[in-house]
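Chemist: Requesting a structural model of the entry that follows:
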Amino acid sequence: MRTPASILLAACLVAPSLRGAAEEGFTDILPGEGLAGWRGGDTFDHRKLMEMPADKRAAKIDQWNKAAQQHWRPEGAGADRHLFTTGKGPCLATLRDYGDIDFRIDYRISPKGDSGIYLRNVPQVQIWDPEHQEAWKHGAKLGSGGLWNNTVGKPGRDPLVRADKPAGEWNSLRVLQLGERVTVWLNGRQVVDHARLENYYDRSRPIPAAAPLLLQSHGDPVLWRNARIREIPAEEANAALAAKEEAGFQAVFDGASLAGWKGALDNYEVVDGAIRCKKGKGGTIFTEKAYADFALRLEFRLPKGGNNGLALRYPGKGNPAYEGFAECQVLDDNYEAATGSKIDPRQSHGSAYGLVAAARGYQRPVGQWNFQEVTLVGKRLKVELNGTVILDADLGKVDLAKAMGNARHPGLDLAAGHIGFAGHSDPVEFRGIRVREIAAAR
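Modeler: All right, here's what the predicted structure looks like:
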């Protein structure tokens, strides 16, 4: 039996509590002697670091390490164990890459101080002295915990409330990260609610699926203590994402039968609460109801090399990739390696098939369930996979002369249609299928 999403969400999103039994599963990652478990780092695009030749990358990290040893040091023991930084030199980065996490840390900042925490090497959860009047023009008066490098006016950039303790006192910070989605509590008060962390280095791309966690060095001394982390497993992350802002979503699959669905029903089956395309079979099944603008939420699970698709505004006949508004591809991210077949980038998972390519690398391993939300308003299609937006495109602006195979797409003019699954002989599974209709803008 699956644990109800509401229970898993409550476990994931509960406000910070006392250390001890309530923090089972957390690992202490505060640097030890010689800054064990950490290295020097900087405000440097992690993707570009990984793309550097090995010798140049090693030289860059060595340079950061030597400087970090001069400005970061562990101090004290027992209850007084903490990490000190002069605020000069490089940041401090974990040796490990992290994806979905529950991270908790205490910090003590000096008067007029300024620092932060980089998530997946992307700046940043802001930390500063809110009484530093010279920094008020940058938003310091609003308090710490906001995603300061997000675009001005975007959710998460400014904290919801000011929850800081005075400079010189210890503050407790908690960060929950699910894909790009970040929730922050400061001293037990929520200051960021499920906001997307923008990619500071390239806002046209999502942040990495995994990368180091950084403590920022930003000119001012800071003390850090009680640094601990829990990596969030897929099932828990999916439940938390699915339960967030559920209002208005209606189930279109009862978990036991294909009631309410039409099309190639004989080629699909219901197994353990999921719709599954039969191996060696295919065709499209679709909802009896037609939809105009909507948000679709579901979980999917792929076998190795698995291939299927989401039919969007499907007219009930023909190829959903062309006769329908679009087919949103459902495909193993490692399809080429699994099958030996090369694909066009516009065939990768989450892509508007043949029209616009989605970002790759955000699927969970084969055999695990993924959570996905697809939003279609007018001709704008957005796909969020496991908390990360991998596609956000206006298909009405696509140059069809450059479409894959120069194919025609008459379905792009459809204002409404059915939602369905386009099978391609693989036992791809779908469950938790819910739709929220979106009223047309007036």
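Chemist: Tell me which residue lies nearest the centroid of this structure.
Modeler: Central residue of the chain (Cα atoms, centre = their mean): Gly179, 1.6 Å from the mean position.
Chemist: How about that one, nearest residue that isn't a chain neighbour?
Modeler: Leaving aside its sequence neighbours, Gly179 sits nearest to Gly387 (Cβ to Cβ, 6 or more residues apart in numbering; 2.2 Å). From N, CA and C alone the C-beta is placed, and that goes for glycine too.
Chemist: which parts of the longest helix along the chain are buried?
Modeler: Assignment by DSSP state H gives helix 54-71 as the longest helix of the chain. Across helix 54-71, burial judged by 16 or more other Cβ atoms under 10 Å covers 60-61, 64-65, 67-68, 71.
Chemist: before we move on, what about stretch 134-141?
Modeler: 135, 139-140.
Chemist: out of these, who's nearest Arg157?
Modeler: Nearest to Arg157, judged by Cβ to Cβ, of these is Gly139 at 8.0 Å.
Chemist: What separation is there between that closest one and Tyr107?
Modeler: Distance, Gly139 to Tyr107, using Cβ to Cβ, to the nearest Å: 18 Å.
Chemist: Now do the contacts for Ala227.
Modeler: Ala227 sits next to 28-30, 83, 103-105 when contact means Cβ atoms under 8 Å, 6 or more residues apart in numbering.
Chemist: Let me have those residues in a markdown table, extended by pLDDT, secondary structure and neighbour count.
Modeler: Below are these laid out as a markdown table (pLDDT from 0 to 100; DSSP: H, G, I helix; E, B strand; the rest coil; neighbours: other Cβ atoms under 10 Å):
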| residue | pLDDT | secondary structure | neighbour count |
| --- | --- | --- | --- |
| Asp28 | 96 | strand | 11 |
| Ile29 | 97 | coil | 19 |
| Leu30 | 96 | coil | 18 |
| Leu83 | 97 | strand | 23 |
| Phe103 | 98 | strand | 22 |
| Arg104 | 98 | strand | 20 |
| Ile105 | 98 | strand | 23 |
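Chemist: rewinding a little: give me the helices and strands touching the longest helix of the chain, please.
Modeler: In terms of contacts (3 or more Cβ pairs under 8 Å, 6 or more residues apart in numbering; DSSP states H and E), helix 54-71 is packed against strand 38-41, helix 46-51.
Chemist: highest average neighbour count across these?
Modeler: Most buried of those, by mean neighbour count (mean count of other Cβ atoms under 10 Å): strand 38-41, with a mean of 24.
Chemist: Parallel or antiparallel, which strands does that strand pair with?
Modeler: Taking DSSP bridges as the criterion, strand 38-41 sits next to strand 91-94 (antiparallel) in its sheet.
Chemist: just the helices in the chain please.
Modeler: 5-13, 46-51, 54-71, 234-243, 335-339.
Chemist: Retrieve the pLDDT associated with the residue lying closest to Gly87 once chain neighbours are set aside.
Modeler: Leaving aside its chain neighbours, Gly87 sits nearest to Asp220 (4.2 Å; criterion: Cβ to Cβ, 6+ apart). Note on Asp220: pLDDT of 90.
Chemist: What is the neighbour count of Asp220?
Modeler: 22 (other Cβ atoms under 10 Å).
Chemist: same check, this time on the one 4 residues further on
Modeler: By the criterion of other Cβ under 10 Å, Trp224 has 24 neighbours.
Chemist: That one reaches Leu30, doesn't it?
Modeler: Yes: look at Trp224 against Leu30 with Cβ atoms under 8 Å: they come within range, at 7.2 Å.
Chemist: Give the residues shared as contacts by the two.
Modeler: Common contacts of Trp224 and Leu30 (Cβ under 8 Å, 6+ apart): 82-83.
Chemist: worst average pLDDT in the helices of the chain?
Modeler: Lowest mean pLDDT within those: helix 5-13, a mean of 44.
Chemist: How much space separates Phe421 from Gly283?
Modeler: 9 Å.
Chemist: So these two - more neighbours on which side?
Modeler: It is Phe421, of Phe421 and Gly283, that has more neighbours when counted by other Cβ under 10 Å, with 30 against 17.
Chemist: helices and strands of this structure: which one has the lowest mean pLDDT?
Modeler: Among the helices and strands of the chain, helix 5-13 carries the lowest confidence by mean pLDDT, DSSP states H and E, at a mean of 44.
Chemist: ok, what's across the strand from Trp38?
Modeler: Thr94.
Chemist: how about it, what does it touch?
Modeler: Residues in contact with Trp38 (Cβ under 8 Å, 6+ apart) are 31, 68, 72, 92-95.
Chemist: In PyMOL, how would I select the buried members of those residues?
Modeler: To isolate the buried subset of these in PyMOL, counting by 16+ other Cβ under 10 Å, use the following:
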select buried, resi 31+68+72+92+93+94
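Chemist: and of the contacts of Trp38, the nearest to Lys56?
Modeler: Ala93 (17.3 Å).
Chemist: Would you confirm that the closest one contacts Thr43?
Modeler: No: with contact defined as Cβ under 8 Å, Ala93 does not reach Thr43; the gap is 10.9 Å.
Chemist: Return every residue with contacts to both of these two.
Modeler: Taking Cβ under 8 Å, 6+ apart as the contact rule, Ala93 and Thr43 both touch Tyr118.
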